[in-house]
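1. Sequence unavailable; structure follows:
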């Protein structure tokens, strides 16, 4: 065989070397959708409504806001493996083991809200600071 027709052997990684084998597929357990950053009381009221529902949270990552629905992928097996790995969607392929929520020791979120009370406390502080900046003239109304 010449170099052009030589088949490459697939590299295999042992379970000990692959961080995915230590994980419970947290990346496959939710759907996160970008939302606009809240800036007014009405925006925060919308977030309160989201958080009134079960299995919903709101988080901030790299200054981007998301609504997150905790619901497992229908192709996730009982042993936390992807049943359509070879044909999985592009968004799944973007997940990297280096930034995995399941194996990383760092908190992946800048902010995370699971309850109405959490978002209300944050909104109160945010809106009070915003109002103070408006009074000083450093922020337009």
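-> Happy to help now that I have it. None of the values given here were measured: they were computed from a predicted structure. Numbers count the residues shown, from 1 in each chain.

2. State the next helix or strand along the chain beyond the one helix or strand in the chain whose mean pLDDT sits lowest.
-> Lowest by mean pLDDT, DSSP states H and E among the helices and strands of the chain is helix 90-93, with a mean of 91. Following helix 90-93 in sequence order, the next helix or strand is strand 111-113 (DSSP states H and E).

3. Show me what that next one is packed up against.
-> strand 56-61, helix 116-136 (3 or more CB pairs under 8 Å, 6 or more residues apart in numbering; DSSP states H and E). (Each C-beta comes from the backbone N, C-alpha and C, glycine too.)

4. Now do the residue nearest the centre of the chain, the pLDDT please.
-> Geometric centre of the chain, nearest residue: residue 32, 5.4 Å, by CA atoms, centre = their mean. pLDDT recorded at residue 32 is 94.

5. Any idea how far apart the tips of stretch 51-60 sit?
-> 14 Å (CA to CA, to the nearest Å).

6. Name the helix or strand for the nearest residue to residue 69 once chain neighbours are set aside, please.
-> The spatially closest residue to residue 69, leaving aside those adjacent along the chain, is residue 31, at 4.8 Å (CB to CB, 6 or more residues apart in numbering). For residue 31, the element it lies in under DSSP H and E is strand 30-35.
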